[in-house]
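>>> Got a predicted structure plus its sequence, pasted below:
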Amino acid sequence: MTHIQDMNNRIRQNREQRPSNRVKFKENREAIHTKADGKKTQTSFKTANEQELESIKNSIREKAKIENRRTKILYFLLVAFAVVAAIAFIVLMN
């Protein structure tokens, strides 16, 4: 038997020894939503009216705009530095 066949056999045996992740997930999912006494818990979500939602959305949009602007400035500065460095390198080599 070659070393490749040994490797394939070892991979197959290891795969057979692994427990199934799907079963574990299904069992754990039930445990997440139940208390110790077995009763299911009610999940509570925050509620907001339309005006609050709009203000939250606007603040998220403003933060995203600021972050995008900073990212664009950083990329511009990096490209400008690379161009200046390339030009300086070409000038110094001549």
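Yes, it's here. Numbers count the residues shown, from 1 in each chain.
>>> Centre-most residue in the chain?
Ala64 (17.3 Å; C-alpha atoms, centre = their mean).
>>> Where does Lys63 fall, secondary structure wise?
helix 50-93 (DSSP states H and E).
>>> Report the residue spans of the protein with pLDDT below the cut-off.
1, 20-43 (pLDDT under 70).
>>> Go again with 80.
Applying pLDDT under 80 to the chain flags residues 1, 18-45, 94.
>>> follow-up on the earlier one: check contacts around the residue nearest to the centre of the chain.
By C-beta atoms under 8 Å, 6 or more residues apart in numbering, the contact list for Ala64 is empty. Placement of C-beta: from N, CA and C, glycine included.
>>> hang on, the earlier thing: next one: the helix holding Lys63 to chain centre, how far?
21 Å (C-alpha atoms, centre = their mean, to the nearest Å).
>>> you'd agree Pro19 is in a helix?
No. Checked against DSSP: H, G, I helix; E, B strand; the rest coil, Pro19 lies outside a helix; its state is coil.
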